[in-house]
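Colleague: predicted model, plus sequence, below.
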Amino acid sequence: MMQYPKIPLAQTIITLCKAKNIQHIVISPGSRNAPLTIGFTNDSFFKCYSIVDERCAAFFALGIAQQINYPVVVVCTSGSALLNYYPAVSEAFYSNVPLVVLSADRPKYLIDIGDGQTINQDSIYGHHSFFSINLKQDLKEKEGFHKKEEALPIFKSIENTLEKYLGLQKTIQVENEEQINKAFNTSIIQSGPVHVNCPFDEPLYEIEDKLSVSPKLIPIVKTEPIVENYAELSSIWNTSKRKMILVGVLSPNSIEKKYLDYLAKDESILVLTETTSNIHHDNFIPSIDKLIGAITDKEFKALQPDLLLTMGGMVISKKIKKFLRKYKPKKHWHVGVNRANDTFFSLNKFFKMPENLFFNSFFKHTKPTTSNYRNYWLNAMRVRREKHSLYMNFIDFCDFKVFDIILKSVPEYAQLQVGNSSAIRYTQLFDLNETVNVFCNRGTSGIDGSTSTAIGASIINKNLTTICITGDLSFFYDSNALWNNYIPNNFRIILINNQGGGIFRILPGHKNTDNFDVFFETKHKLTAKQLCEMYEIKYDKAVSEKELVIGLETFYEESDRPKLLEVFTPSRINDAILLNYFNFIL
């Protein structure tokens with residue numbers, strides 16, 4: 001027999017989640033959210049996860065949503081709990097990942113009177129949510145009101161009636177239904193986070209064996225893309241001798257191969273792809289920084305595009321940003337279903353539509369243009385690759401060397417979840433196997449939540465090996481991610497431990513001082529070994545190239561537990577080796 005929370009608002013939320021096919025529910029244990037927890041966990045339709053640490057819970061949910069590209073619900077109690085969701089909410093906002101926050105709240109009359117675990121929760125995520133609603137609290141069912149003839153004597157003394165009570169409750173119910181539908185629909189359409197604040201009064205744990213509400217389902221109304229004058233725009237395209245296409249974060253298989261092949265055939269088109277674009281072609285250039293890391297002003301002018309077309313989300317490469325801000329394209333167009341970032345301060349056209357739909361219509365009006373633009377830079381990239389291989393052969397054991405070894409070891413069809421800061425920037429310097437899908441939280445580019453996100457993503461891809469490559473500060477900052485009962489046995493963490501935030505040694509500033517070590521690089525002597533023992537994760541370590549190579553030989557093999565490989569690298573040589581690299585590959 002099904003069990004439902006007695007509170008109509010909780011029933012309404014749960015019923016509409018089911019109607020919208022929102023199946024994954026991440027619950028942060030608490031008391032005020034008990035009505036929602038009771039409803040979700042007693043319905044086999046939902047896949048429920050219990051994650052104690054709210055920050056980890058939200059990033060875990062984000063990882064699931066990142067993979068299924070559909071809303072995932074996170075549920076928490078009142079007070080500071082939902083503040084701990086904020087980092088993941090902001091990441092979801094800027095990365096366009098659908099997330100629904102259901103925060104339980106106290107009744108309005110208990111807000112700001114000194115009651116415990118109570119804050120002002122209305123619109124708490126501000127500009128980082130696509131929709132926010134503070135739902136209406138159900139009227140409490142009064143004792144003796146079950147029958148009209150019993151209720152009337154009580155109400156007459158205060159000139160009230162049972163009809164008025166029922167009418168008010170019906171108004172509240174209709175308004176709540178509309179707002180919940182709107183929240184869920186917004187998350188689906190906008191592909192981003194929404195916040196639904198749910199006031200519940202005690203008693204919280206009462207249950208019923210049948211629903212007392214039958215909420216209305218409001219369907220999604222999608223807007224059609226604007227019809228463009230492609231004939232006029234194609235004249236700009238066809239007369240541009242230097243067309244650059246820059247691809248940021250994209251989900252795997254976002255763009256059909258036939259369109260990629262079309263772009264690859266045009267000599268006037270140079271396609272630059274980031275690791276997170278998940279796009280590959282022999283005539284495209286990955287590893288953007290490898291190409292432009294140390295070219296001259298004359299070469300920069302030769303690279304400057306007449307027309308820049310961007311796709312996807314955030315761009316990682318600082319070097320390409322700096323280049324395109326200084327050597328601006330005459331035209332900058334962006335294609336995509338979400339926002340268009342004016343990253344290079346030259347955006348003048350946004351095609352708000354799926355990339356495939358744009359190419360299908362636009363390519364009917366275009367033709368290949370004779371140019372040496374693509375071939376010149378493809379030849380330059382071949383030289384860079386040869387010098388890259390030479391450089392990797394003679395450098396000492398360091399972060400750069402470790403990434404070279406690790407990325408060559410990644411099994412086919414694995415999923416890479418890469419931590420931020422130095423981890424993703426090193427990864428960008430290598431050509432990866434095209435069967436490997438790459439993800440990174442680049443919305444806000446924070447080090448928080450990388451491991452939690454990776455674990456959430458691995459839940460959806462249990463048949464594939466998910467590998468989380470992360471730095472030490474990011475890993476230890478998110479160590480509660482391992483406090484998780486859902487980690488698949490084929491989940492792997494590679495932790496590069498250089499005893500601090502090595503990325504800061506690459507940036508301008510005073511180094512090798514006590515002040516720098518403490519307040520910038522954050523030197524430490526921590527190791528993951530004890531954490532792995534506590535959370536029953538198989539632990540191994542490597543302190544040399546030989547140990548790393550040997551350790552990776554069996555690292556991806558099947559096991560009865562997840563595995564972590566901690567690679568200890570020197571902290572003082574990484575910056576010099578990386579900076580010298582860009583001069584060497586010229």
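Modeller: Perfect, thanks for sending it.

Colleague: so residue 531 touches residue 480, yeah?
Modeller: No. Using Cβ atoms under 8 Å, residue 531 makes no contact with residue 480, being 9.8 Å away. The C-beta positions use only the backbone N, C-alpha and C, and glycine is treated the same way.

Colleague: tell me the helix or strand right after the helix or strand harbouring residue 245.
Modeller: Counting by DSSP states H and E, the element that carries residue 245 is strand 243-247. Scanning forward in sequence from strand 243-247 by DSSP H and E, the next helix or strand is helix 257-265.

Colleague: in that following helix, what's buried?
Modeller: For helix 257-265, burial by neighbour count (16 or more other Cβ atoms under 10 Å) applies to 259-260, 263.

Colleague: tell me which of those residues is nearest to residue 586?
Modeller: Proximity of these to residue 586 (Cβ to Cβ) peaks at residue 263, which lies at 27.6 Å.

Colleague: now for the top helix by length along the chain, which elements pack on it?
Modeller: Identified as the longest helix of the chain according to DSSP state H is helix 162-190. When contacts are defined as 3 or more Cβ pairs under 8 Å, 6 or more residues apart in numbering; DSSP states H and E, helix 162-190 packs onto helix 8-19, strand 99-105, strand 131-134, helix 148-156, strand 193-199.

Colleague: lowest average pLDDT across the ones you listed?
Modeller: Of all these, helix 148-156 carries the lowest average pLDDT, namely a mean of 45.

Colleague: center of this protein - which residue?
Modeller: For the chain, residue 441 is the residue whose C-alpha lies nearest the centre (Cα atoms, centre = their mean; 4.6 Å).

Colleague: in terms of helices and strands, where is that one?
Modeller: Using DSSP H and E, no helix or strand contains residue 441.

Colleague: now it: closest residue in space, sequence neighbours ignored.
Modeller: Nearest non-adjacent residue to residue 441, counting by Cβ to Cβ, 6 or more residues apart in numbering: residue 91, 5.2 Å away.

Colleague: in this structure residue 278 contacts residue 255, no?
Modeller: No. Using Cβ under 8 Å, residue 278 is not in contact with residue 255; the gap is 9.4 Å.

Colleague: quick check: residue 334 is in a strand.
Modeller: Yes. Secondary structure of residue 334 (DSSP: H, G, I helix; E, B strand; the rest coil): part of a strand.

Colleague: quick check: it vs residue 544, distance?
Modeller: Relative to residue 544, residue 334 is positioned 46 Å away (Cβ to Cβ, to the nearest Å).

Colleague: how does the chain divide up, domain by domain?
Modeller: For the chain, automatic domain parsing gives the domain ranges 4-200, 230-378, 395-584.

Colleague: tabulate those domains (TSV), appending distance to residue 209.
Modeller: Formatted as TSV, the domains of the chain follow (distance: least, Cβ to Cβ, whole Å):
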stretch	distance to residue 209
domain 4-200	7
domain 230-378	42
domain 395-584	29
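
Colleague: of all those, which lies closest to residue 215?
Modeller: Nearest of these (Cβ to Cβ): domain 4-200, 4.5 Å.

Colleague: residues contacting residue 478?
Modeller: 56, 59, 447-452 (Cβ atoms under 8 Å, 6 or more residues apart in numbering).

Colleague: now it: how far from residue 59?
Modeller: 8 Å.
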